[in-house]
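*Asks:* Mind folding the following:
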Amino acid sequence: MGRQQGSLLIEIMISMAIGIFLMTGALQVLLTTKQNFLARETLTSVETNGSLAMNLLASEIRMAGYRGCAAANRDALIGTSSLNGYYSAASLDVNIGIRGWEYNNTDINSTLNPENWVQTSSFNSGNWLTGGVDTAQAATAGKSTSGSDFTIARESDVLRLWSVEPYVMDIQSANDTSLTANPATMTNFPDSSDSNPERLLIVYDCETTVLVKATRFNHSSGTVTLSDTIPSVTSLLSTMNSPQAMMLRMVQYSLEIPSYTNRPSLYRRELKVDGDFKQKVEVLPGVINMQVLYGENLYGSTNANAYLRANEVSDWKKVVSVRLWILTESANDMVIPASSPVVYYGNTYTINDRRIRREFMMTVTLRNRALGDWS
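*Replies:* So this is what the prediction gives:
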């Protein structure tokens, strides 16, 4: 009989050890590849969110203060008794176009505290400061609207913009109580199906701009009913040369914390005709901080001579550009093997939660403020 041959126990153990070693190595490669893929995917998401936020804010900022072809340095005339000067507690002033609030002690040379970014404070508190040419514009004036309040993420600034909806209505005639428009140009304006048709309208030609309050739009007849109209202003409406009208829009951007997480998101609020805000809208999650400086032309030129915090601005009408910083972060922590430092708003921060973060910075010129003599 031939001798039976087989593997010794030691050979089996060595083979198993080699197999386990190879499997461990393959598993490690698989896990590393997966982690790198998730990190790259997360980084793409963080950068995409940052780009979307900056593009959105930039497009709104550029249009701040836009009033058609009227000269940039010519104030709009307030055409209704209910809109004399500042509008309600929302401090509506279409002649400003832009206004901001600076969180206290968040200068570009200050070191921010990332732990505060996930905490909130009342917007009506003294934490947010603003500037202006008089006491009605300075301090904390204008933050509350019709007595309402909301909470903002700490150490982040607030930006408020006045512009117009991108729809133009041709006006054919005007009197104390109504405008007569070309019905074909009223398509995107409210109609009889709108339960709340009240709008603030900017009526303009290239010489004059008037702000009026419309309460009803009749698309069949082309009639726009006005409310609380001042006769001295409506007489100007009747003398305008081929006037047009657009709907005024006031929006506010701030960082607030939604109910489903403890991390901030970028929120947008729009002002209603009664001076209060509509329902807030979460625009973009993952925006952890926002800082704004305002370029003010101090010497009557069309260029910014200094970039100032909101509480340092001397006259909001003279703000011609905005310098904006935002910091975005990944939705999940523990994404990368170790926390890495991030440069933001002039300082370096290391936050030990292994999230991916990116700084975005942009300077935006206000299109309607960069033209004209502001001396």
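*Asks:* all helices for this protein, in order.
*Replies:* 9-62, 231-239 (DSSP state H).
*Asks:* Please verify my assumption that D205 contacts S242.
*Replies:* Yes. Applying Cβ atoms under 8 Å, one finds D205 in contact with S242, separated by 6.3 Å. In this view, the C-beta of every residue, glycine as well, is placed from N, C-alpha and C.
*Asks:* want to try JSON lines for the helices of the chain, with mean neighbour count and mean pLDDT as columns?
*Replies:* Listed next are those as JSON lines, based on neighbours: other Cβ atoms under 10 Å; pLDDT from 0 to 100:
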{"stretch": "helix 9-62", "mean neighbour count": "13", "mean pLDDT": "78"}
{"stretch": "helix 231-239", "mean neighbour count": "15", "mean pLDDT": "79"}
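*Asks:* With distance to I96 as added columns, please give those in CSV.
*Replies:* As requested, those are exported to CSV (distance: least, Cβ to Cβ, whole Å):
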stretch, distance to I96
helix 9-62, 13
helix 231-239, 19
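*Asks:* Neighbour count: D205 and S242, which is higher?
*Replies:* Higher neighbour count among D205 and S242: D205, with 19 against 9, using other Cβ atoms under 10 Å.
*Asks:* So that one versus I20, what's the distance?
*Replies:* D205 is 84 Å from I20, where distance means Cβ to Cβ, to the nearest Å.
*Asks:* repeat for R160
*Replies:* From R160 to I20 the distance is 64 Å (Cβ to Cβ).
*Asks:* mind checking how far the lowest-mean-pLDDT helix or strand in the chain is from the chain centre?
*Replies:* None of the helices or strands of the chain scores lower by mean pLDDT, DSSP states H and E than strand 77-78, at a mean of 74. With Cα atoms, centre = their mean, to the nearest Å as the basis, strand 77-78 stands 26 Å off its chain's centre.
*Asks:* quick thing: my sequence starts at 52, can you match it?
*Replies:* Shifting the count to begin at 52 puts that one at strand 128-129.
*Asks:* Okay, now the sheet partners of that strand, with direction.
*Replies:* strand 260-269 (parallel) (DSSP bridges).
*Asks:* residues of the partner strand that come out buried?
*Replies:* 260-265, 267-269 (16 or more other Cβ atoms under 10 Å).
*Asks:* per-residue pLDDT, F240?
*Replies:* With respect to pLDDT, F240 scores 96.
*Asks:* From what I see, it and M298 are in contact.
*Replies:* Yes. F240 lies in contact with M298 (Cβ under 8 Å); the separation is 7.0 Å.
*Asks:* When those two are compared, which one has more neighbours?
*Replies:* Between F240 and M298, counted using other Cβ under 10 Å, F240 has the larger neighbour count: 22 against 18.
*Asks:* K323 - how many residues pack around it?
*Replies:* Around K323 there are 17 residues (other Cβ under 10 Å).
*Asks:* Equivalent analysis for the one 4 residues further on, please.
*Replies:* Neighbourhood size, D327 [other Cβ under 10 Å]: 16.
*Asks:* likewise the one 4 residues further on?
*Replies:* Counted by other Cβ under 10 Å, the residues lying close to K331 total 15.
*Asks:* wait, isn't it in contact with I203?
*Replies:* No. In this structure K331 lies outside contact range of I203 using Cβ under 8 Å: 11.0 Å.
*Asks:* and the longest strand for the chain?
*Replies:* strand 295-307 (DSSP state E).
*Asks:* tell me the angle of it relative to helix 282-290?
*Replies:* 120 degrees (axes from the mean of the first three to the mean of the last three Cα atoms, to 10 degrees).
*Asks:* Identify the contacts common to K331 and I203.
*Replies:* E307 (Cβ atoms under 8 Å, 6 or more residues apart in numbering).
*Asks:* in terms of contact, does G116 touch N419 like I think?
*Replies:* Yes. Here G116 reaches N419: they are 4.3 Å apart, a contact under Cβ under 8 Å.
*Asks:* These two: who's more crowded?
*Replies:* Under the neighbour definition other Cβ under 10 Å, G116 and N419 were set side by side, and G116 has more, 25 against 22.
*Asks:* residue contacts, the residue nearest to that one when sequence neighbours are not counted?
*Replies:* Closest residue to G116 apart from its sequence neighbours, by Cβ to Cβ, 6 or more residues apart in numbering: G148 at 2.4 Å. Contacts of G148 were listed using Cβ under 8 Å, 6+ apart, and they are 115-117, 212-214, 367-368, 370, 417, 419-420.
*Asks:* so which of the helices of the chain gets nearest L349?
*Replies:* helix 60-113 (19.9 Å; Cβ to Cβ).
*Asks:* what helices or strands is that closest one leaning on?
*Replies:* When contacts are defined as 3 or more Cβ pairs under 8 Å, 6 or more residues apart in numbering; DSSP states H and E, helix 60-113 packs onto strand 209-215, strand 295-307, strand 332-336, strand 338-347, strand 370-380, strand 408-416.
*Asks:* Pull up the pairing partners for the fourth one, direction included.
*Replies:* Sheet pairing here is set by DSSP bridges, and for strand 338-347 it gives strand 357-359 (antiparallel), strand 370-380 (antiparallel).
*Asks:* export the last one as PDB, just CAs?
*Replies:* Output of strand 370-380 as PDB, limited to C-alpha atoms (Å, rounded to 0.1, in the frame of the first residue of the first chain):
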ATOM      1  CA  VAL A 370     -23.200 101.400   1.200                       C
ATOM      2  CA  VAL A 371     -22.200 100.400  -2.300                       C
ATOM      3  CA  SER A 372     -20.900  96.900  -1.800                       C
ATOM      4  CA  VAL A 373     -20.800  94.000   0.700                       C
ATOM      5  CA  ARG A 374     -18.100  91.600   1.800                       C
ATOM      6  CA  LEU A 375     -19.500  88.300   2.900                       C
ATOM      7  CA  TRP A 376     -18.000  85.300   4.600                       C
ATOM      8  CA  ILE A 377     -19.800  82.000   5.300                       C
ATOM      9  CA  LEU A 378     -18.600  78.800   6.800                       C
ATOM     10  CA  THR A 379     -20.200  75.500   5.700                       C
ATOM     11  CA  GLU A 380     -19.900  72.100   7.300                       C
END
